[in-house]
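Undergrad: the following comprises the amino acid sequence and a computationally predicted model.
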Amino acid sequence: MRWLFLFGLLLTLFGCGESMPQEYPTDFTLRYDWREGTVAPPYHYEYTITLDATGQGQIVYRPDYAATPEWTEPFTVGSDLVQNIYSLMLQQAVFSASWEQENPPPVGGSNAWLETTASGKTYRVPAELIPAQSKRIEPVYTAIEQLVPAAIWQQLSAQRQQYIDEQQ
């Protein structure tokens with residue numbers, strides 16, 4: 001009887017909901033948004049990176065606040081990189097954690113958030129997480145940013161610098 005109690009306790013601690021498959025599902029998608037903190041124009045910038053299960057991705061880059069140009073660059077990654085991101089998301093509990101925002105939220109700093117779909121469900125990691133959870137999601141965010149080829153980042157950086165120069 002005691003083992004039954006321990007087994008039930010373990011199920012409770014590790015979650016008794018449905019588990020995610022180890023291989024990324026065919027409906028796997030992600031949308032990662034990053035926004036610079038509150039700074040004067042034209043120094044603010046933000047971007048959105050999307051990826052689907054076929055390895056098709058894109059980055060949409062905005063060099064300033066909302067009323068600016070929007071630069072979109074597509075990219076493709078192999079299924080191994082899609083699997084790596086998905087596995088990292090499993091490891092960091094993206095699909096199972098109860099993500100908790102700081103209360104009150106910090107003011108002025110940069111922030112990031114994630115929305116992902118897998119196995120028919122959508123999961124959200126909000127911006128401005130409590131510090132422990134922010135540290136846990138950081139490797140996922142870094143890996144997503146690294147999906148975008150360096151040449152695209154360099155191009156967007158050069159375009160942003162040109163935009164800043166033209167605004168001054």
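TA: Here it is on my side, so go on. Predicted, not measured: the structure shown is a model, and the values here were computed from it.

Undergrad: pLDDT weak spots in this protein?
TA: Within the chain, the segments meeting pLDDT under 70 span 1-18.

Undergrad: if I look at the nearest residue to W113 once chain neighbours are set aside, how far off is E23?
TA: Leaving aside its chain neighbours, W113 sits nearest to A127 (4.2 Å; criterion: CB to CB, 6 or more residues apart in numbering). Where you see a C-beta, it was placed from the backbone N, CA and C, and this is true even at glycine. Going from A127 to E23 by CB to CB, to the nearest Å gives 29 Å.

Undergrad: these two: who's more crowded?
TA: Counted by other CB atoms under 10 Å, A127 and E23 do not tie: A127 has more neighbours, with 19 against 11.

Undergrad: would you list the phi and psi of the more buried one?
TA: The phi/psi pair for A127 (degrees, to the nearest 10) reads phi -70, psi 160.

Undergrad: the one 5 residues further on too?
TA: When quoted as degrees, to the nearest 10, the phi and psi of A132 stand at phi -60, psi -40.

Undergrad: over to the one 3 residues further on?
TA: Taking degrees, to the nearest 10, you get phi -70, psi -40 for the backbone angles of K135.

Undergrad: number of residues surrounding S79?
TA: Applying other CB under 10 Å, we find 12 residues neighbouring S79.

Undergrad: list the contacts for it?
TA: Neighbouring residues of S79 by CB atoms under 8 Å, 6 or more residues apart in numbering: G55.

Undergrad: state the distance from it to Y163.
TA: 35 Å.

Undergrad: the protein: strands as residue ranges?
TA: 29-35, 46-52, 56-62, 71-76, 111-118, 121-125 (DSSP state E).

Undergrad: for T50, which non-adjacent residue is closest in space?
TA: R31 (5.0 Å).

Undergrad: do L147 as well
TA: V77 (5.5 Å).

Undergrad: wait, the one you found touches Q58, no?
TA: No - counting by CB atoms under 8 Å, Q58 is not a contact partner of V77; they are 11.4 Å apart.

Undergrad: helices along this structure, start to end?
TA: 2-14, 79-91, 131-147, 150-167 (DSSP state H).
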